[in-house]
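*Asks:* coordinates for the following, if possible.
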Amino acid sequence: MSASEPSGTPTAPATPATPTPPTPPTPPTMKAIQVGRPGGPDVLELVDLPRPSPGPGEALVRLAAAGVNYIDVYLRSGQYPNELPFVPGQEGAGTVVEIGPGVREVAVGDTVAWANLPGAYAEYALLRADRLVPVPDGLAPDLAAAALLQGMTAHYLCHDTYPVRTGDTVVVHAAAGGVGMLLTQLVRLRGGTVIGTASTAAKAAAARAAGAAEVVDYRPGALLEAVRRHTGGLGAAAVFDGIGGPTFDESLASLRPRGVLAVYGQSGGAVPPFDLQRLNAGGSLYVTRPNLAHHVQDRAELLRRGTAVLRLVRDGHLGVRVGQRFPLSGAADAHTALEARATIAKTLLTCD
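*Replies:* Predicted structure coming up:
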């Protein structure tokens, strides 16, 4: 055998190892409350959902707190139809953590609040940037979450639906509720006098502390008697009624000629059909069913109204009372308390 010839058994070339593909990163998730079917508070389920990323015109906000409102109950129960499944919550505040292409209204790190946008019962919310209201320096995010939706509701009711004037006597139903306490204060700031209604002694005390001149319960005739006493028999200039069916008749009867009944909610049930001739017989009365969405129709109006409310809170002219705080996982308990009328002032879900 020549020196140039290999000796022994030839060795096969090694087969290269197949590289292991890299493990894709786990998509980030978030805790959220989800409604999979209409029903009672028990359908509010805490789940893990993918954390969204903002697209054009959108901002991703890390929640500090979410407001609990009766519209959440209407959507959860199916009284207001909604596509399923969904994350409830129409109001919140927090910090912008990411923005999508084209966003100029907010920047990462801004503290913002919003109302009438879905998805607040979660650790993060993906929102239209042009519907976010900057929170003024010096105002805590949880107070902004507590104030914005109900504060803007109270603002349009007494500035636009019926512009309260100095010397007016008005009725505020559920005066110890979230809207009721803010509305009572705003009416007082405009020079009006408030007669409130409340279901318990504790709630009556809270309404008086907010500035109501008198607070009555829901016994038939109690409101009429109080209104007549305060107005010399003339009647109230306006009644702001978020209860609906159970209070409608006495609300209408409490008005002075050309008075305004604003039914802005129906926590007690819908108002049944009624004969319009009753408005003539009562003195050319007005009845309206206003909605916040129609009073913040563009960004300019949203900023004007929202900023006015938040600055009043920050500057101490409008007191916001948070009566109940629940963790995000306690959303069902929050709804149970709200529907049982066991809450005073504002109810929040906290996410921090």
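*Asks:* surely residue 244 and residue 264 touch.
*Replies:* No: applying Cβ atoms under 8 Å, one finds residue 244 not in contact with residue 264, separated by 9.4 Å. All C-beta spots, glycine's among them, are computed from the backbone N, C-alpha and C.
*Asks:* so residue 47, which state does it fall into?
*Replies:* Assigned with DSSP: H, G, I helix; E, B strand; the rest coil, residue 47 falls in the strand class.
*Asks:* for the nearest residue to it once chain neighbours are set aside, give me its contacts.
*Replies:* Counting by Cβ to Cβ, 6 or more residues apart in numbering, residue 34 is the residue found nearest to residue 47 once chain neighbours are left out, at 4.9 Å. For residue 34, the contact set (Cβ atoms under 8 Å, 6 or more residues apart in numbering) comprises 44-45, 47, 49, 85-87.
*Asks:* how far off centre is the one helix or strand residue 34 maps to?
*Replies:* Per DSSP states H and E, residue 34 falls inside strand 29-35. Put simply, strand 29-35 sits 18 Å off its chain's centre (Cα atoms, centre = their mean, to the nearest Å).
*Asks:* same question for stretch 37-48.
*Replies:* Distance, centroid of stretch 37-48 to centroid of chain: 18 Å (Cα atoms, centre = their mean).
*Asks:* can you check stretch 96-116 too?
*Replies:* For stretch 96-116, the distance to the chain centre is 19 Å (Cα atoms, centre = their mean).
*Asks:* quick check: end-to-end length of it?
*Replies:* Separation of the first and last residues of stretch 96-116 by Cα to Cα, to the nearest Å is 18 Å.
*Asks:* repeat that for stretch 168-182.
*Replies:* Terminal-residue distance, stretch 168-182 (Cα to Cα): 17 Å.
*Asks:* can you give me the mean pLDDT across that stretch?
*Replies:* Mean pLDDT, stretch 168-182: 95.
*Asks:* also stretch 252-259?
*Replies:* pLDDT averaged over stretch 252-259 gives 98.
*Asks:* now it - C-alpha only, CSV.
*Replies:* Extracted C-alpha coordinates of stretch 252-259, given in CSV (Å, rounded to 0.1, in the frame of the first residue of the first chain):
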residue,chain,number,x,y,z
LEU,A,252,-93.6,65.4,36.5
ALA,A,253,-96.0,66.6,39.1
SER,A,254,-93.2,68.5,40.9
LEU,A,255,-92.5,70.8,38.0
ARG,A,256,-93.6,74.4,37.7
PRO,A,257,-95.2,75.6,34.4
ARG,A,258,-92.7,75.2,31.5
GLY,A,259,-90.4,73.1,33.8
